[in-house]
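# okay, sequence plus prediction incoming.
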Amino acid sequence: LSYRKAKDAKGYVRSRQSREDWIVHENSHEPLIDQDTYERYQDRIRRTPKVADTHVLSNPLASLLFCAKCGKTMRRQKTYGRPHNTLLCKTRSCDTKGARFEVVEERVLSELRTHADSLVSAHRGRRKRKTDGSMVELAQQHVKACESEIAEIQTQRNRLHDLLERGIYDEETYLERSRVLGTRADEASASVERALQELEQATKQMERQHQTLPTILHVLNAYPRVETAAEKNELLRLIVDRIEYRRDADWNDPDHFEIDIFLRF
């Protein structure tokens with residue numbers, strides 16, 4: 001219970017209690033949905049820009065930019081008679097200092113350009129060294145080597161049976177050799193599983209590398225051409241999962257702030 005009733009001259013009034021006086025009963029009712037579904041839905045709500053039906057989105061960084069201290073989304077505040085709008089943290093008790101919104105927006109784009117340039121340089125370096133796809137090729141070779149080892153072990157097992165039937169090996173020798181081959185077969189099977197996982201990871205990484213750069217370049221090229229904040233927000237969502245903003249209370253330079261960009265790739 002988070003509310004209480006108190007009597008005054010007009011009757012009973014309902015007021016909110018302090019948090020330490022709350023009476024909380026965890027899981028007192030059977031849930032309609034499981035906890036995982038609830039958490040995923042809450043995450044989806046946090047990532048969706050909150051715009052009233054009568055308004056249009058005015059913040060291109062809506063639901064992408066978060067305060068690094070309190071974790072809440074940052075908001076864009078319209079200023080009149082000034083060249084820049086203001087970026088502020090929504091939490092009243094948070095001491096994160098705001099900044100000029102357009103400066104933060106440009107910093108985000110600059111960081112994305114830097115990341116794109118590094119991807120271009122890395123791609124050119126791989127082409128020059130002819131190492132494109134080398135991780136996938138190495139993983140494929142590892143899988144083939146493990147499969148060849150398993151085939152060889154099976155061949156040795158067949159020979160072992162033949163030697164037993166011909167009387168060259170006694171039963172004790174046969175059992176000991178069979179045990180050794182069984183251990184090798186188990187180790188080889190485990191190596192195949194690991195090699196297949198490495199191949200899958202290497203393939204996905206190569207696919208991400210091939211997709212990441214064109215998508216980032218598309219966003220950077222299209223961003224200055226679109227007119228509305230909603231269109232810009234939609235473009236950024238193609239590549240950006242989350243941006244964390246930090247500006248401590250003692251950072252007096254108005255352009256002294258830090259951002260960390262987490263991409264979707």
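Arrived safely. Numbering: from 1, shown residues only.

# from R107, how far off is the nearest residue to L236 once chain neighbours are set aside?
Sequence neighbours aside, L64 is the residue nearest to L236 in space, at 6.0 Å (criterion: C-beta to C-beta, 6 or more residues apart in numbering). Any C-beta I mention is one placed from the backbone N, CA and C, and that applies to glycine too. Distance of L64 to R107, computed by C-beta to C-beta, to the nearest Å: 13 Å.

# which one's more surrounded, the two?
Neighbours of L64 and R107, each counted by other C-beta atoms under 10 Å, are more numerous for L64; the result is 21 against 18.

# residues contacting L181?
153, 156-157, 160 (C-beta atoms under 8 Å, 6 or more residues apart in numbering).

# and the least confident of those residues?
Lowest in pLDDT among these is L160, which has 76.

# the helix or strand hosting it packs against which elements?
In the assignment (DSSP states H and E), L160 maps to helix 134-165. Under the contact definition 3 or more C-beta pairs under 8 Å, 6 or more residues apart in numbering; DSSP states H and E, helix 134-165 sits against helix 171-222.

# how far does the helix it packs on sit from its chain's centre?
Per C-alpha atoms, centre = their mean, to the nearest Å, the displacement of helix 171-222 from the mean C-alpha position of its chain is 22 Å.

# show the average pLDDT along that helix.
82.

# and the angle from that helix to helix 134-165?
Put simply, helix 171-222 runs at 170 degrees to helix 134-165, going by axes from the mean of the first three to the mean of the last three C-alpha atoms, to 10 degrees.

# next structured bit after helix 171-222?
As the chain continues past helix 171-222, the following element, by DSSP H and E, is helix 229-237.

# check which helices and strands that following helix sits against.
Other helices and strands packing on helix 229-237, by 3+ C-beta pairs under 8 Å, 6+ apart, are helix 171-222.

# tilt between the helix it packs on and helix 229-237?
150 degrees.

# grab the nearest non-local neighbour of A222.
Take A222 and drop its neighbours on the chain: the residue closest to it by C-beta to C-beta, 6+ apart is L235, 5.7 Å away.

# count of residues packed around that neighbour?
Applying other C-beta under 10 Å, I find that L235 has 20 neighbouring residues.

# quick one: residues contacting it.
L235 makes contact with 219, 222-223, 226, according to C-beta under 8 Å, 6+ apart.

# can you redo those residues as TSV with neighbour count?
As requested, the contacts of L235 are exported to TSV (neighbours: other C-beta atoms under 10 Å):
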residue	neighbour count
V219	20
A222	14
Y223	17
V226	14
